[in-house]
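Q: with the input below, show me the fold.
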Amino acid sequence: MAMNMRSNASKPDSLPPCAGCKIQRKKCSEKCVLAPYFPQNNPEKFKLVHKVFGNGHVIKLLEELPTEQRADAVNSMVYEASQRSQDPVNGCVGIINELKNKIAELQSQLAFTQAELANINMQHANLFTLVTGYHGESDPNFYSVSPQESEDTDSQSIVLDDEDHSLQFWESIWR
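A: Next comes the predicted model:
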């Protein structure tokens, strides 16, 4: 009789149990839904998911999903279970709320920066109007100042029709 048990144990037909079956101490079949996602060499992954979701729920969820979505579902469960173990009260929701708050903060900073930029652009336009006397007429050469106009002004010459017109414009204002 002892000889018969040894021959059964040495059969090559028996599969090594996956982490799920190993933890539950049951025989792993070829159709085990847990085997592809919870390998024998990583039992902690299944322990974490099993602790949060329970074996029955994990199997039921995986059986209901199409095969191509199961790996994503397992990764999602592992992540959610790890977050739940770190923060038992909020879990993933805590991280989601933190990210929502960060997004709201960044949107507020962006709105403030855009308002500052609009204010600076308005100040620039007002300064340009004061210095050049340009009030929005449709003059295609509104940056150009004729040599006569530059001689009539008390300040240094304002020549804006060169390639480096912006630098010369501001240098004349700063003097």
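
Q: any weak-confidence spans in this protein?
A: 1-15, 134-175 (pLDDT under 70).

Q: in it, which helix is the longest?
A: Longest helix in the chain, counting residues (DSSP state H): helix 92-132.

Q: could I get the full set of helices for the protein?
A: 2-9, 19-24, 43-53, 55-64, 67-86, 92-132, 147-152, 165-174.

Q: any buried residues in the fourth one, and which?
A: I take that to be helix 55-64. Neighbour-count burial for helix 55-64, with 16 or more other Cβ atoms under 10 Å as criterion, is recorded at 55, 58, 62. In this view, the C-beta of every residue, glycine as well, is placed from N, C-alpha and C.

Q: by contact count, what packs against it?
A: Using 3 or more Cβ pairs under 8 Å, 6 or more residues apart in numbering; DSSP states H and E as the contact test, the elements touching helix 55-64 are helix 19-24, helix 43-53, helix 67-86.

Q: show me what contacts residue 65?
A: residue 73 (Cβ atoms under 8 Å, 6 or more residues apart in numbering).

Q: tell me the phi and psi of it?
A: phi -90, psi 150 (degrees, to the nearest 10).

Q: ok, it to residue 71 distance?
A: 10 Å (Cβ to Cβ, to the nearest Å).

Q: re earlier: need the buried residues of helix 55-64 in a markdown table (columns: distance to residue 85).
A: Converted to a markdown table, the buried residues of helix 55-64 look like this (distance: Cβ to Cβ, whole Å):
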| residue | distance to residue 85 |
| --- | --- |
| 55 | 17 |
| 58 | 16 |
| 62 | 21 |
